[in-house]
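Engineer: Give the three-dimensional model of this entry:
(chains A, B and C)
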Amino acid sequence: MIFNRRSLLAGVTALGGASFLPGIAHAKGSVIATTYPGTWEDAYRTVVAPMLKKKDDIDLELAPLFAMDQIGKAKAARGAPPFDVFVLDPGPRIVGLEGGLFEKFDATKLGNLSKLPAGFTDDVGVHVSAQVVGIAYNPKKLPAPKGWGDLLKDPWVSRLGITGFQTTFGTSSLIELSKLFGGSLTNVDPALVELKKVLPKIAAVGLPAAMPGLFQQGQCDVMYTNTQTVATLKGKGVDVEFVKPESGAITFFTTMHIAKGSGDIGNAYKYLDLVISKEAQEALTKPPYNFLPVNKDVPLAADMPMKNLDEMANYVQHDWAKINPLRAAWIEKFNKEMAK
Amino acid sequence: MQALAPTPQQVAPAGRTLDVDNLTVRYGAAVAVDGVALGIEPGEVVALLGPSGCGKTTLLRVIAGFVRQAGGRVLVDGTAIDHLPANQRNVGIVFQNYALFPHMTVAENVAYGLRARGQRGPSVDQRVERMLEMVQLGAFRARLPRQLSGGQQQRVALARALAVEPSILLLDEPFAALDRNLRLDMQIEVKRLQRQLGLTTILVTHDQDEAMSVADRIAVMNRGKVEQFDTPVAIYDRPKTLFVNGFIGTTNLLPGKIAAVVGDTAMVELGAGATLRLPAPQGIAAGSPVVLSVRPEQLVLSPIATTDSWAIEPGLSLPLGSQLIHEARTVDGAALKIVEPRRHTPTEVPRRFCALATDARPSLFPRSTPTATE
Amino acid sequence: MTSAVVTAEIYGERRSLRLAEWQLALPLALAFAALFLAPLLLLVATSFFNDDKITEPGFASWAKFFGDPFNYKVIADTLLLGLKTVCATVIVGYPLALVYMDLSPRLQKVLLFIIIMPMLLSVVVRTFAWIVVLGREGVVNQALLGLGVISEPLRLLQTELGLVISLTQIEMPLMLLPLISVMSRLDPNLRDASAALGASRWRTLFTVIVPLSAPGLVAGCLLVFASSTTAFISQTVIGGVRLIYLPLVIWQQSLVVYHWPLAAVASLSLVVSVLTVIAALSYLGRRSSRHLQG
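Structural biologist: Modelled structure (predicted):
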C-alpha cells in the first residue's frame, strides 16, 4: 500500500470532518431520525416505523439521543449531520436555530398541515407533541402537594428529588419556583437561595436521566417532571400521581426539524407528515406511550390535565430565547450552590 | 581458608537426633507417605532416594512443618515437634531452586532469619559476614541473587539456612539445577560444612550417585514407603527388594528357577543355560521361579565354556574412561551388560561365554511372572 | 577486506530488517496519530478560544476556569475520589488476591470468573444495580432495618461513601487482574523459605510478598485511579450532581452549555491532573520494583 502525503492528509481531514461518530449509511428509501431514549424510542420504533414502511416504503432508522446530544453531534459533524431529522424541546431548538443546523422548512409539503392548529409550523420545523410539566409524588408516602412552594416544606422537602438546568423541564420548574420568591423568567437566584436553605433535607439531587430510576427505587418520593414520565412510571406499576401546581402547569411543544445537509429531504417530509397524521398521533396517545397529540382530530386522553389543546393557552409558557443566554451561568451557579 | 575453622559458636553443640515415627500423609484419597519410620543419628546425613512421586519431598515438607501429617510423629532429640508451626521449628532448608528473596541482596538474604528472630545491630552483620566467608561469598554481599551464578546462589541459600543455627538441615534436591562438574564441587562443599557443624541432615534426591556420595545412610522410597534404610554399600550389595535393586546402580536380571535346595545352598537353573550354586535365599522353596540380579562388574567373559558359564551373543563394546562396557544377549533373550577394566592389549579371541566373577554377590528375588524384568 | 565486505553486508541486512520492523508498526502509528493524537491536538487548540462559537482565539477560557476557586475544589475532589477508590480496592482486593493464591486450581477458576463477571456487564447496568443495593429502600437499608440495627434508612446513595463503595466493586477487576497475574508468578517456595527461617505470616507478607507483588499492585492502582476518576456514569448516577467531579463539568460544558473551549480546558485539566498522579504512582512503583526488573 502506498501513501503519499496528499492522500494521507485527505484521509485525516475526512476523519476529522466526519468526527468520531460512526457514519450511518443511507439505504435507498430510508430516513434517519433522532428520538429521545426511553418512551419516545419505544413508541417510534413500535408505532411510527411500521406505519412509514407500509405507507411510503421508507425505512425509519432511529438514533436515540437527548436533545442536547443531538445539537452537540450535529455541531461536531459540521455540515454532514449523522441524521436527517431532529426532535427537540424549546431550549435546544433555539440553540440549533442560532447554530444554523436546520434546513429551511416548507410547511406546505405536509399533507396533514390543515389538521394542525395555526402557528404549529414555522420556517424551521413543526410541532409534533405537547409536554406538560408539573409535580409528581408518591400518594402512598406523601399527601398531595398544592404548588411549587410545598416542595420546600415538610413533609415533601425531605423526600424531594431535584435536577438542575440541564433540561427543559428542570429549568422551567426552577423558574416557576423562583417566581414564588420574587424571581422572574430571567432571575432564578431566589429559587437557589431557598433550595440552599433546605439542602441538607433534600433526598436527591441527580441528573435528569436518573430521576425516574431514583423515584422508582424510593430514593425520592416527589419531583418535578412531565406528564409522560408519570404515565410511564405508572405503567411500570410505580405509585405516582401528577399534580398541576396551583400557579399553573408549564407547557411547551416538542418540535421536529430537518437537519441542514440531510441527504433525504423528501423522505424527511414524508416522515414528518406521518408523525402528525391522525393515525400516528392516535396510536401514540394511547398507553403505554401517553403522548399529548397536536392533531386536531385526535382527542386528548382522559387522564390528561387538560381537555383540549386550546386550554394550553392558559398554561405557563417560557420564552426560551431569553432563557438560553443565561443558562450556562445558571448551570454553573447550580453546581456551586448545590455542591457538597 | 583460615575462616573455615569452626569457632565454638558456629558448631552446633552436637547434632540432634531426628525420629520419624509411623508417619502418614494423605492428599485427599491418595496416600503420599505411608507409615514411614526412620531413626536418624546426631550428625548423620540421610538421603531420601526415590523416583518422583515416591513421597520423599512430602516427607521433607512434613519435617519442615509445611505439610500436616494424617498420622505419626516427628521427634527432634526425642521431643515431638508436630504441634509447632514451620517458623518455630528451627529447621534449615535449601530448596532445589534455592528460593532466595529476589528483592534482597545476598547479605539481606543471609540476615533474614536473624532479623526474623528479632536480632538487630552489629551482631547480625558479624554473623552474616562469617557465614558469607564460610561459603566464600564475602565479596558478593551487595549483589542481588539474579547477579549470581547457580552455584553461588546455592551457597547463599546454604549460608541463609545455616545462619540461624538450625537443629536440622533439610536439602531438597539442592544439586539438581547445577551442571555436572559444579554439582560434584558443591556436594563436597555441603558435606564439608555439614561435618564441620555436625548437623543432622536430610537430603532429598532422585540421583543415586548423589545419595551414594553424600549420605551416610540412604532411605530408598517407593510409593510412599521406605523399601530399605541402610548404608550405601549395603544397599548396593544387598538390595532387599527388586525395586531397590533396580533403582540403585545398573544390574543384569537373569530369569531362572530353583532346581533344588541342599542345606544352605540352592541350585539355580538359569534360562540362559547354566546351573549355579548360590546361598539359598529365605522363603523361596525348590521349584520356585526366581530372578538372579548381578552387577555388570560382577560378570566375567571367557573364550571357553565351563560348567557354571553360559553362552552369549556378543554385541557392542564401548570404552568408558578406564572401563570397557560390553553388551551381550543370552540364548533366552536377556540383555546383559558386562563391565571390565580396560587393558592395553585387547583380546583377539572371541569370548562367547559368561560367568559370575569369583567375588560376585548376586541377589535372588522371587519371580511372579515368567520374565520379571524391571 | 573480505571481512569488511561481510560486515557491511551484515549491517546492510540488519538495517533493512530494522526498517522492515519499523514499517510494520506504521499502520498502528498512523491509526494512533489519526484517532488519538489528532483529536488531542484539536482539543488543545479548542481550549485556546475565548467564546463558545470558537471564533476568537485567546486565553480567556483558561483564565476563566483557573480564575474560579470552585474548579480547584472540583479537581481536588476528583483526585481524592480516585485515591479513596484506590485505597478501598487495595484493602479489599489484596487479601482477596492472597486468598486466590491458596485456592485449588478449580476454585481459582471459579473465583476468577466471579472477579471478571462485573466486566461482562455494561457499566450502566452495574451502576443501576448499585442504586437498587444502596437506595433508601435498597437491599442494605432493608437488611439493616429488618435486623433492627438502624431505625431510619441510611443515606448511602448520593454520598461519596456510597460512590466509593460501588466504585470499589466496579473497578475491582482492574485491581485484581494485574495483582493476580504478578502473584501467581511468585515462587511458592519463598513463603516456605521465609517461614523456615522463623518469620511469622505477617513478616512474610510485608517483607516478601508485598514487595514482590508491588509491580502488580502499582499497575492495579494506576488502572483503578484512571478509571474511577473518569467514571462519569457512576459518579453522576450514584453520586448525584451535588458531588461535582471533572467529568460532570466536562459533560455540562460540552453537551449542555456548548462552551467547547471551557470543556476543552476542563478535559485537559482532567488529563493532566490524572496523568500527574499516575506518573507519581508509577515512579514509586518503579522504585519499589527496581530489584525485580533489573
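
Engineer: give me the low-pLDDT residue ranges for the chain?
Structural biologist: Unless you meant another one, I'm taking chain A. For chain A, the stretches with pLDDT under 70 are A:1-28, A:303.

Engineer: please go with chain C instead
Structural biologist: For chain C, the ranges with pLDDT under 70 are C:1-19, C:288-294.

Engineer: how about the residues of it near chain B?
Structural biologist: Residues of chain C lying close to chain B by CB under 8 Å from any CB of the partner chain are C:187, C:189-190, C:192-200, C:203, C:207-208, C:211-212, C:289, C:291-292, C:294. From N, CA and C alone the C-beta is placed, and that goes for glycine too.

Engineer: just checking, which of those belong to helices?
Structural biologist: C:189-190, C:192-196, C:203, C:211-212, C:291-292 (DSSP state H).

Engineer: Show the model's pLDDT score for the closest residue to chain C within the stretch 101-250 of chain B.
Structural biologist: Here the stretch 101-250 of chain B gets closest to chain C at one residue, B:Gly113, 3.5 Å apart by CB to the nearest CB. Looking at B:Gly113, its pLDDT is 95.

Engineer: which SS class is it?
Structural biologist: B:Gly113 falls in the helix class when you classify it by DSSP: H, G, I helix; E, B strand; the rest coil.

Engineer: By residue count, what's the longest strand in chain A?
Structural biologist: Assignment by DSSP state E gives strand A:125-137 as the longest strand of chain A.

Engineer: helices or strands next to the following helix or strand past that strand in the packing?
Structural biologist: Counting by DSSP states H and E, the element after strand A:125-137 in chain order, helix or strand, is strand A:160-162. Applying 3 or more CB pairs under 8 Å, 6 or more residues apart in numbering or on different chains; DSSP states H and E, one finds that strand A:160-162 contacts strand A:204-205, helix A:211-216, strand A:222-226.

Engineer: Close to chain A: what parts of the stretch 151-294 of chain C are there?
Structural biologist: Residues of the stretch 151-294 of chain C lying near chain A (CB under 8 Å from any CB): C:157-158, C:160, C:236-237, C:240-244, C:248-249, C:252, C:254-259.

Engineer: try 7 Å this time
Structural biologist: C:157-158, C:236-237, C:240-244, C:252, C:254-259 (CB under 7 Å from any CB of the partner chain).

Engineer: before we move on, back to that, can you name every helix or strand that the longest strand of chain A contacts?
Structural biologist: Packing partners of strand A:125-137 (3 or more CB pairs under 7 Å, 6 or more residues apart in numbering or on different chains; DSSP states H and E): helix A:168-180, strand A:222-226, helix A:227-235, strand A:241-243, strand A:250-258.

Engineer: just the CA coordinates of that strand, formatted as PDB?
Structural biologist: Extracted in PDB, the C-alpha atoms of strand A:125-137 (Å, rounded to 0.1, in the frame of the first residue of the first chain):
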ATOM      1  CA  GLY A 125     -39.900  22.900  11.800                       C
ATOM      2  CA  VAL A 126     -43.200  21.600  13.000                       C
ATOM      3  CA  HIS A 127     -44.700  20.900  16.500                       C
ATOM      4  CA  VAL A 128     -45.200  17.200  16.900                       C
ATOM      5  CA  SER A 129     -46.300  16.800  20.600                       C
ATOM      6  CA  ALA A 130     -47.100  18.900  23.600                       C
ATOM      7  CA  GLN A 131     -45.500  18.400  27.000                       C
ATOM      8  CA  VAL A 132     -46.900  19.400  30.400                       C
ATOM      9  CA  VAL A 133     -44.600  19.800  33.400                       C
ATOM     10  CA  GLY A 134     -45.700  19.700  37.000                       C
ATOM     11  CA  ILE A 135     -45.200  17.800  40.200                       C
ATOM     12  CA  ALA A 136     -45.100  14.000  40.600                       C
ATOM     13  CA  TYR A 137     -45.500  12.400  44.000                       C
END
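
Engineer: which parts of it are buried?
Structural biologist: The neighbour-count check on strand A:125-137 (16 or more other CB atoms under 10 Å in any protein chain shown) flags A:125-137 as buried.
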